[in-house]
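Undergrad: could you look at this predicted model? Sequence included:
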Amino acid sequence: MDSGVRPYEEAFAPYWHPVAFSHELKERPLAARLLGRELVVWRSGSGVSVTQRYCAHRGADLCGGTVVGEGLRCGFHGWTYGQDGRCVRVPSQPGVPIPARAALASYRAVERYGLVWVCLAPEPAAPLPEWPELESGKLATVALPRLDWNVSAGRMMEIVLDVTHLSWVHEGTFGNPEQQEVPAYDVERLPGGLRAQISYPALAPGIGGAAPRVDKTTLTYEVSFPFAVRLSFKPTLFFQHGVYAIASPWSEEKMQCFYFASYHPGLKLFPDIFVKSELAILEQDRLVAEAQRPKAHPMDFAGEVHVKADRLPNEYRRGVISLRAGRPIEGPTPE
Ligand code: FES
Ligand SMILES: [Fe+2]
């Protein structure tokens, strides 16, 4: 590995990563993991908080604690922590100063786009992705259960951005085995991301014995580094919609992906169709991705072979290599 590569956890700590869907976070605190850290996520009247998971007193699991007016109360001896992680109450000795070390590591957290996002560094190196359509009030959303795969976040992103696997891996869901060639496409640099557009003759399976039909789809990929992508689908048969995939790294070799779609709320059938078909599609991806080696996202181009049709995942990898090394992301290389 080249000497400019920083440790994985250190390199990606200063970015926003999702740790929960907002709808998963109810009254009870929720366990989360990010970049090797065990976290607890909880919501109080003043918003969402993310702190270390284990109590500073005797290491009890704060996921078993209770959210009270003052903050998060540990179930073991009742120590209570405020949003900033500082202990505000030690019930066994009221009126005695609370030790300064009675505190939990606490992190920046924000709720947006139906997700709880966390940044483990004091200052984020990049803003959240800009997906204004999700805040326009004009679209509905539907989420899949979290994708809990033994895959690195970068490998996950590369399979989402892989325009050449569609006809191979996705045969039987939408892949069109007749369409093996990938016509040339451009990759454009965005602030903090990339964009590419392809057109693909998806094969919609025939229903009730009918022949499959070709659904010519324009697919726009927009990456927000390091691990988020929005896919905009404009099909001819199915419904126009957006898909959002954000890989949240547990470690260098393991992630969970938060995956959801936006659609016009008038499309009452959309959520059921989306969940069913997308889970089948993603299962095809999972089988390939979990078996790839090395499991860690490669931080160079030396160990694998790259062709022009792989331009989007290649440019993505180039950007991630820059981030990992602490360098600014350069624009796509000229063809
Ligand atoms: S372990 Fe949490 S209060 Fe004692
Ligand atoms: Fe795929």
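TA: Yep, it's here. Ligands and ions are numbered 1, 2, ... in the order given.

Undergrad: now the helices for the stretch 1-150 of the chain?
TA: With DSSP state H, counting those that start in this stretch as the criterion, the stretch 1-150 of the chain has helices at 8-12.

Undergrad: who in it is up against ligand 1?
TA: 55, 57-58, 60, 74, 76-79 (CB under 6 Å from any ligand atom). Every C-beta, even on glycine, is put in place using the N, C-alpha and C of the backbone.

Undergrad: partner strands of the helix or strand hosting residue 195 and their direction?
TA: Taking DSSP states H and E as the criterion, residue 195 maps to strand 193-204. Take DSSP bridges as the rule and strand 193-204 pairs in its sheet with strand 187-190 (antiparallel), strand 213-224 (antiparallel).

Undergrad: chain center to the shortest one, what's the gap?
TA: On the basis of CA atoms, centre = their mean, to the nearest Å, the separation between the geometric centre of strand 187-190 and that of its chain is 20 Å.

Undergrad: okay, buried residues for it please.
TA: Across strand 187-190, burial judged by 16 or more other CB atoms under 10 Å covers residue 187.

Undergrad: likewise the longest one?
TA: With burial defined by 16+ other CB under 10 Å, the residues of strand 213-224 counted as buried are 215, 217, 219, 221-224.

Undergrad: that one: what's the following helix or strand?
TA: strand 228-234.

Undergrad: buried stuff in that next one?
TA: Neighbour count says strand 228-234 has 228-233 buried, by 16+ other CB under 10 Å.

Undergrad: closest one of these to ligand 1?
TA: residue 228 (35.1 Å; CB to the nearest ligand atom).

Undergrad: ok, what's across the strand from the closest one?
TA: residue 224, residue 246.

Undergrad: that one and residue 248 touch, don't they?
TA: No - Residue 228 sits out of contact with residue 248 when judged by CB atoms under 8 Å, with a separation of 9.6 Å.

Undergrad: and the buried residues of strand 213-224 as CSV, adding distance to ligand 1 and pLDDT?
TA: Formatted as CSV, the buried residues of strand 213-224 follow (distance: CB to the nearest ligand atom, whole Å; pLDDT from 0 to 100):
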residue, distance to ligand 1, pLDDT
215, 56, 94
217, 53, 96
219, 50, 97
221, 46, 98
222, 44, 98
223, 42, 98
224, 38, 98
